[in-house]
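Engineer: sequence isn't available, so here's the structure alone:
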């Protein structure tokens, strides 16, 4: 199972990037509150459909990224391992770029990104399942908060990847 997930990881990432960008960029035009009405426009329908299709991709991708102890890389704080994050924060205070290897700051940002994506996808799917009731309104609030955390950590992730690429080019 591990080799299959490793092979799928890159493809899942490639599928999730455009899906997540669509979901983020379409969100200001989404008018869903309590339910998906019969008069829902194409943006609302597409947002719900792409979001729902994203959930199984996210579940498999999270599994691929956390298998065989890899969870310690992306969630070092769950294992009580703060030293890599602390090292990277100290190096940033000295004006140095954090390292991209190990269970450091960049990996922890990726872990938070994964977690925010999982919560966003899950709450969106639950909203669809429970639409029409008061629970849908509460799920909508959690979904929006998770999506905002996702957007912020995605920005941090893009910055971290860009800094890593600069280091590779300068070599």
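Structural biologist: It's in. It should be emphasised that the depicted structure is a prediction, and the values quoted were computed from it without experimental measurement.
Engineer: for the helix or strand where residue 115 lies, packing partners?
Structural biologist: If you go by DSSP states H and E, residue 115 is part of helix 105-130. Secondary-structure packing of helix 105-130 (3 or more C-beta pairs under 8 Å, 6 or more residues apart in numbering; DSSP states H and E): helix 2-26, helix 42-66, helix 71-74, helix 83-93, helix 134-170. In short, each C-beta sits where N, CA and C put it, glycine included.
Engineer: need the ones you listed in TSV with mean pLDDT, can you?
Structural biologist: Shown next, in TSV, are those (pLDDT from 0 to 100):
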stretch	mean pLDDT
helix 2-26	92
helix 42-66	96
helix 71-74	93
helix 83-93	92
helix 134-170	93
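Engineer: possible to save those helices as TSV with distance to residue 34 and mean neighbour count?
Structural biologist: Formatted as TSV, these follow (distance: least, C-beta to C-beta, whole Å; neighbours: other C-beta atoms under 10 Å):
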stretch	distance to residue 34	mean neighbour count
helix 2-26	19	14
helix 42-66	13	17
helix 71-74	35	19
helix 83-93	40	15
helix 134-170	5	15
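Engineer: between those, which gets nearest to residue 35?
Structural biologist: Closest to residue 35 of the helices and strands packed on helix 105-130, according to C-beta to C-beta: helix 134-170, at 6.5 Å.
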